[in-house]
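Trainee: show me the folded form of this:
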Amino acid sequence: MNAPQKIQALSVTPPRVSSDAQAVAAAANLAEIFNQAAVERDRNRRLPYPEIEQFSQTGLGGMTVPKDYGGADVSALTVAEVTAILASADGSLGQIPQNHFYLVEAVRLNGTDAQRRFYFERALLGDRFANALAEAGGKYATDQTTTVLPDGDDYVLNGRKFYCSGSLFGHWIVAAAQNDQNKRVLVFVPRDTQGLTVIDDWSGMGQRTTGSGTVIFDNVRVSAFAIIPHYLAFEQPTQMGAFAQIIHAAIDLGIARGAFAATVDFVRTKARPWVDSGQEHAYEDPYTIAAIGDLRVRIAAAEALVRRAGKIIDKARVEPETYSEPASIAVAEARVATNDVSLLVTSKLFELGGSRSALASLDLDRYWRDARTHTLHDPVRWKYFSLGNYWLNGVKPPRRGNF
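Mentor: Model (predicted):
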């Protein structure tokens, strides 16, 4: 367990991303850097404070801010591609910004103009919004006991959260809480607020450096300005759930891409051919060649589904009544594909690489551990059920952040 560092504001104002192409290029540059120490971070659980600072210094944290508020308002497809690029280098570093983008989108949908101006400006200045959404111990993963209740002119926030990805690195910790009408709201709390405790107790086998531990709110006082009525995003057609889910799909896709690249490299440089092949090199083995072709086709199919979903989400942002339902279905299909391909590719790496690929010194198992850990977020068996129920029986998908 590491002691959380004190999070300082960026010393230099980051540049503002001006286009989708610039965002993708910045992510590609970061991925090259992140890949260099991926093994060391995973093996030693070295928390990526420097790397998260580098992410913020690119201005990518503000890339989804609407143009009316000074941002580039990049497409959902670009958010997914940026995420996949980062996750291909490190499954943890692809995960950490996910909730930041979700929370920026929540402000866009349900914040007042004053809240949008303030929180969007903070994002453009490099502030990171970290989540305190989920809780452990309830009957269902969606159960919530955290409350934010009126107390004089202010409100008091109380609760205990877990799976708080990015909380170690956040300038703001954003809690999901029930208000006095038992409605789900989001509460934006500065990291150094009295009564707020962030604990580094995440011990997952994969995504080891996401900082997904415990956050405690003990009589934390907040103003009405800090509260966003998040329940409104699901009481009417919006792109909120689909937007959240496409980022998760992109994380799985990125891990699959990273594992595929590692597989190709290992087969070409280190793997040995099987004796019955009669070949000189592993990359000449016909069964290995066919398996690589099969994996690439499956990755390409998953990429196509993510691209399609991203385009429909962008339509849903403009015409929610028409496109929010198709967006949820399209993203669910993408999530099924990316879930399955990430687990397949990260396992095939060892089958095609042979015994040598399992050496702990190589740390190639980080791809499978990251994929298996991340794909546990939402059970894919229920994606299949909801998709089948939609296409067979016309039952609409649920309106939630996890669909």
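Trainee: low-confidence ranges, the stretch 1-150 of the chain, go.
Mentor: By pLDDT under 70, the weakly predicted segments of the stretch 1-150 of the chain are 1-6.
Trainee: ranges for the strands of it?
Mentor: Applying DSSP state E, counting those that start in this stretch to the stretch 1-150 of the chain gives strands spanning 129-132, 147-151.
Trainee: mind putting those into CSV with distance to residue 141 and mean neighbour count?
Mentor: Every C-beta, even on glycine, is put in place using the N, C-alpha and C of the backbone. Shown next, in CSV, are the strands of the stretch 1-150 of the chain (distance: least, Cβ to Cβ, whole Å; neighbours: other Cβ atoms under 10 Å):
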stretch, distance to residue 141, mean neighbour count
strand 129-132, 14, 27
strand 147-151, 19, 16
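Trainee: which one of those lies nearest to residue 169?
Mentor: strand 129-132 (6.5 Å; Cβ to Cβ).
Trainee: please give the number of neighbouring residues around the nearest residue to residue 85 once chain neighbours are set aside.
Mentor: Spatial nearest neighbour of residue 85, excluding adjacent residues (Cβ to Cβ, 6 or more residues apart in numbering): residue 27 at 4.3 Å. Here the number of neighbours of residue 27 (other Cβ atoms under 10 Å) works out to 24.
Trainee: quick check: residue 27 touching residue 59?
Mentor: No - assessed by Cβ atoms under 8 Å, residue 27 is found out of contact with residue 59, at 11.3 Å.
Trainee: hmm, back to that, report the contact partners of the residue nearest to residue 85.
Mentor: By Cβ atoms under 8 Å, 6 or more residues apart in numbering, the contact set of residue 27 is 58, 60, 81, 82, 85, 86.
Trainee: run the last query once more with 10 Å
Mentor: Residue 27 makes contact with 34, 55, 58, 60, 63, 78, 81-86, 88-89, 94 under the criterion Cβ atoms under 10 Å, 6 or more residues apart in numbering.
Trainee: same thing with residue 106?
Mentor: Contacts of residue 106 by Cβ under 10 Å, 6+ apart are 99, 119, 129, 174, 176, 186, 188, 228-230, 232-233, 240, 243-244, 401.
Trainee: report back the residue of the protein that's furthest from centre.
Mentor: The centre of the chain is farthest from one residue, residue 278, which by Cα atoms, centre = their mean lies 44.6 Å away.
Trainee: that residue and residue 284, how far apart?
Mentor: Look at residue 278 and residue 284: by Cβ to Cβ, to the nearest Å, they are 9 Å apart.
Trainee: can you check residue 206 too?
Mentor: Distance of residue 206 to residue 284, given as Cβ to Cβ: 33 Å.
Trainee: of these two, who's got more company?
Mentor: When neighbours are counted by other Cβ under 10 Å, residue 206 comes out ahead of the other of residue 206 and residue 284, with 22 against 12.
Trainee: on the three-state scheme, that one is what?
Mentor: coil (DSSP: H, G, I helix; E, B strand; the rest coil).
Trainee: where does it fall, phi/psi-wise?
Mentor: Backbone torsions for residue 206, taken as degrees, to the nearest 10, come to phi -130, psi 170.
Trainee: now the one 3 residues further on
Mentor: According to degrees, to the nearest 10, the main-chain angles of residue 209 amount to phi -120, psi 30.
Trainee: so what's residue 66 closest to, chain neighbours aside?
Mentor: Residue nearest to residue 66 in three dimensions, not counting chain neighbours: residue 73, with 4.9 Å by Cβ to Cβ, 6+ apart.
Trainee: where does residue 210 sit: helix, strand or coil?
Mentor: Per three-state DSSP, residue 210 ends up coil.
Trainee: in this structure it contacts residue 92, no?
Mentor: Yes - between residue 210 and residue 92 a contact is recorded at 4.7 Å, counting by Cβ atoms under 10 Å.
Trainee: mind listing the shared neighbours of the two?
Mentor: Joint contacts of residue 210 and residue 92 (Cβ under 10 Å, 6+ apart) are 47, 48, 165, 166, 204, 370, 373, 374.
Trainee: which one (most neighbours) among those?
Mentor: Counting by other Cβ under 10 Å, top hit in the shared contacts of residue 210 and residue 92: residue 370 with 32 neighbours.
Trainee: ok, that one - contacts?
Mentor: Contact analysis of residue 370 by Cβ under 10 Å, 6+ apart lists 38, 42, 87, 90-92, 94-95, 204-208, 210, 251-252, 254-255, 258-259, 342, 346.
Trainee: please check those and keep the buried ones.
Mentor: Buried members of the contacts of residue 370, scored by 16 or more other Cβ atoms under 10 Å, are 38, 42, 87, 90-92, 94-95, 204, 206-208, 210, 251-252, 254-255, 258-259, 342, 346.
Trainee: inside helices: which ones of those residues?
Mentor: Among these, the ones falling in helices (DSSP state H) are 38, 42, 87, 91-92, 94-95, 251-252, 254-255, 258-259, 342, 346.
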